[in-house]
Structure formats: structure tokens, C-alpha cells
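>>> how does the following fold in three dimensions:
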Amino acid sequence: MALYYLETSALVKLYVQEPGTDRLLQLAANSAGNQFAVLAITGVEARSAIRRREREGDIDPKVALQILKQVQQHFEARFLLQAVTDTVLDNANEMIDRYALRAYDAVQLAGCLTLKSTAGIDPPTFVCADQKLLEAARSELLVVLDPTAPI
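Residues are numbered from 1 along each chain as shown. Modelled structure (predicted):
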């Protein structure tokens, strides 16, 4: 059983068909026995992404509502939630000083690094589809997975 930390670009792929969706669905299959962690603010980012896709006409409004309900259910029952603590925010500030990251991307990376420091024997794999963020995660010695990369 592995622990995967889903940054928002990866999380959305579990609910909306995009490049990388099939790979994430394989990881999330019950038979795989994997665990998934998300930062508490990921729900807000995911809602924003789903609603944006709805406004752009990519997702039917009824489907968007179903997706949002499913995301909420998974946040309550399936995902390990990493809190946004002072430590996470302090680490995010360090990430911004080190790398050219957007604020929420820095907070996401800091959340995974904080989880890594408390996870015990199996550190989380940082799952993300943003190349700049993946590069920063690699520089921080995280194991990374880009679900859109060729296998």
C-alpha cells in the first residue's frame, strides 16, 4: 500500500476525464489498496476548477453538481486531510523564496513536505500534472508522479 499526495491538478483527474485520468483511476481502484492525502484547501481549488469547466461548457451543470458531491464525500470518508497549519504556511513561504511558484502551488508543495516529515516509514508520492511544481518537488527530494507522463 502506497501513500499518494494529490495536488489539485491530479485530484481533478479522478473526476473529470483528462489526460492522466486512467492512470489515476488505476491507483485509486480499491484493489490497489493505496491511500490518498490532500491538503485541506484542495477542495476549494477543485471546486473552482470544476465550476470553471462548467462555465466554459466543458461539463454539464448536473454533472458538475454530481462531481462536487462526490469530491465532498471523498474528502469526508476516503482522503487523509493535511491541515493548513502554521508549519505548512512557513514552509510555503520558503518554497516561494526558492522556486518561482504561485502561492497555492507553494502551499500544496509545503503540505506534502509537512506530511512527509510526519508520515513515518512510507513518505508520500507527490502527484501533480504541473511541470514547474513537479520540478520544485523533485528538488525537495520528493518522489513524484506525473499522471500525464508516458509510462
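
>>> what segments of the protein are helices?
Taking DSSP state H as the test, the helices found in the chain are 8-11, 21-28, 42-55, 61-77, 86-98, 103-118, 131-139.

>>> what sits up against stretch 136-151?
4, 10, 13, 19-21, 23-24, 95, 98-99, 101, 105, 109, 112-113, 116, 123-129, 131, 134 (Cβ atoms under 8 Å, 6 or more residues apart in numbering). No exception for glycine: its C-beta is placed from N, CA and C like everyone else's.

>>> how does it look with 7 Å?
10, 13, 19-20, 23-24, 95, 99, 101, 109, 112-113, 116, 123, 125-129, 134 (Cβ atoms under 7 Å, 6 or more residues apart in numbering).

>>> in this protein, which ranges drop under the pLDDT threshold?
Within the chain, the stretches with pLDDT under 70 are 31, 119, 121.

>>> the same query, at a cut-off of 90, please.
1, 28-33, 117-123, 150-151 (pLDDT under 90).

>>> coming back round to it: make a PyMOL selection of the buried ones in the contacts of stretch 136-151.
Applying 16 or more other Cβ atoms under 10 Å to the contacts of stretch 136-151, the buried members can be selected in PyMOL as follows:
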select buried, resi 10+13+20+23+24+95+99+101+109+112+113+116+123+125+126+127+128+129+134
